[in-house]
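K.L.:
Requesting a structural model of the entry that follows:
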Amino acid sequence: MTHQVALQTDSQSALAQIKGTPLSVGSGFTGVGFRHVQFYGAMDPFIMVDHYTMTEPTFGAHPHAGLSAVTVLFEDTEGKFNNRDSLGNDFDINPGDLYWLNAGSGAIHDEAPRKGASIHGLQIFVNLPARMKHQAPSSLHVKQEDMPTLKGQGFRVRLVLGQSNGVETDAASVWPATILDGFADKTSVFEHRIQAGFNAWIYSVEGDIEFHVRGEWFTLHQGESSAIVGTEGETVTIRGKSPSSSHFALLSGETINENFVQHGPFAMSTQQEIDEVVARYNAGELGSLV
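P.N.:
Below is the predicted model:
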């Protein structure tokens, strides 16, 4: 399905609590999904986030272009997630890891659980500005042990990528982004300052959470998310609302503010570019797996 996207941010509508759409593919993939059109432009630069569990190979080799396909595995993943792509990579992603495939002008990708594995995580599509959609693809693998952990009263937050509270990861993505994977209880005082020129997207993975921004508290029940327009560099405070510690994810990225056309795993600036990359894929010009 092709979507012509004209960005027009409505910050009040964006702060609405959006429930994920149930997903089910084959017998080994279930989850909930969120799409940028649900957030009135406030999800920019993120196009899509799927929260999923995968227990067997599901999608097979598939193409991407004009965006980055990002995998974040939660710590409770069991077993290994095998990654192969047309950049020549063939290795396992372990629990807690991140893999960022910057597809650029085009790449072929496949991820599949090793036998007996149960993969739990997020699949994220990050848009690229027009000037980067035709660049050569690249990749980034960040291991769990290389991710800083932020700890304080009532919270433990993994800094998967980017920066928060004066801490910054050694690894940097091709497009500026911060990814937080955290746990917070009712006593939590965790704060994250949204960088100027960035938006943020917050999701309640397990349990209920509350977040405070612009002088108001908002509640997210399990499986709900909100987008925050943070162009003024605002601070968001997060605490749990369940009897035990609640699990949340926060994504924040520099806004692109460009219209684009999405066609499945492709995100280009015009329909003509979509047609061109589809033709290149059909001709076998996006590469092959190792």
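
K.L.:
per-domain residue ranges of the protein.
P.N.:
As given by automatic domain parsing, the domain ranges for the chain are 19-144+259-290, 147-258.

K.L.:
Let me have those domains in CSV, extended by mean pLDDT and mean neighbour count.
P.N.:
(Each C-beta comes from the backbone N, C-alpha and C, glycine too.) Converted to CSV, the domains of the chain look like this (pLDDT from 0 to 100; neighbours: other CB atoms under 10 Å):
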stretch, mean pLDDT, mean neighbour count
domain 19-144+259-290, 96, 19
domain 147-258, 96, 19
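
K.L.:
Identify the residue nearest the spatially most central residue of the chain in space, chain neighbours excluded?
P.N.:
Taking CA atoms, centre = their mean, the centroid of the chain lies closest to Ile124, which sits 3.1 Å from it. Computed as CB to CB, 6 or more residues apart in numbering, the closest residue to Ile124 that is not its neighbour in sequence is Val70, at 4.1 Å.

K.L.:
ok, now Val277?
P.N.:
Spatial nearest neighbour of Val277, chain neighbours left out: Ala65 (4.6 Å); criterion: CB to CB, 6+ apart.

K.L.:
Verify the assumption that the residue nearest to Ile124 is located in a helix.
P.N.:
No - assessed with DSSP: H, G, I helix; E, B strand; the rest coil, Val70 is strand; it does not lie in a helix.

K.L.:
Just to check, it is in contact with Asp97?
P.N.:
No - counting by CB atoms under 8 Å, Val70 does not reach Asp97; the two are 11.3 Å apart.

K.L.:
so the residue nearest to the centre of the chain bridges to which residues?
P.N.:
Val49, Val70 (DSSP bridges).

K.L.:
From Asn282, how far out is it?
P.N.:
26 Å (CB to CB, to the nearest Å).

K.L.:
same deal with Val142?
P.N.:
33 Å.

K.L.:
go on, Glu232?
P.N.:
Between Glu232 and Asn282 the computed distance is 45 Å (CB to CB).

K.L.:
so Val167 makes contact with Arg158?
P.N.:
No - at 11.0 Å, Val167 does not count as touching Arg158 under the criterion of CB under 8 Å.

K.L.:
So for those two, which residues contact both of them?
P.N.:
By the contact definition CB atoms under 8 Å, 6 or more residues apart in numbering, Val167 and Arg158 are jointly contacted by Pro148, Leu150.

K.L.:
What helices and strands are in contact with the strand or helix carrying Leu122?
P.N.:
According to DSSP states H and E, Leu122 maps onto strand 119-127. With contacts defined as 3 or more CB pairs under 8 Å, 6 or more residues apart in numbering; DSSP states H and E, strand 119-127 has these neighbours: strand 46-54, strand 67-73, strand 246-254.

K.L.:
would you turn the ones you listed into CSV with distance to Val236?
P.N.:
Shown next, in CSV, are the helices and strands packed on strand 119-127 (distance: least, CB to CB, whole Å):
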stretch, distance to Val236
strand 46-54, 16
strand 67-73, 19
strand 246-254, 8
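
K.L.:
Of those strands, which is nearest Ile202?
P.N.:
strand 246-254 (4.9 Å; CB to CB).

K.L.:
Parallel or antiparallel, list what pairs with the closest one.
P.N.:
Short version: by DSSP bridges, strand 246-254 pairs with strand 177-184 (antiparallel), strand 198-206 (antiparallel).

K.L.:
could you dump these to a markdown table with distance to Ala42?
P.N.:
Written out in a markdown table, the entries for the strands paired with strand 246-254 read as follows (distance: least, CB to CB, whole Å):
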| stretch | distance to Ala42 |
| --- | --- |
| strand 177-184 | 15 |
| strand 198-206 | 6 |
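
K.L.:
Quick one, which of those strands gets closest to Val32.
P.N.:
Smallest distance to Val32 across the strands paired with strand 246-254 (CB to CB): 9.3 Å, for strand 198-206.

K.L.:
and that closest one with strand 46-54, angle?
P.N.:
Relative orientation of strand 198-206 versus strand 46-54 (axes from the mean of the first three to the mean of the last three CA atoms, to 10 degrees): 20 degrees.

K.L.:
In its sheet, which strands sit next to the next helix or strand after strand 198-206, and in what direction?
P.N.:
Following strand 198-206 in sequence order, the next helix or strand is strand 209-213 (DSSP H and E). According to DSSP bridges, strand 209-213 forms sheet pairs with strand 216-220 (antiparallel), strand 235-240 (antiparallel).
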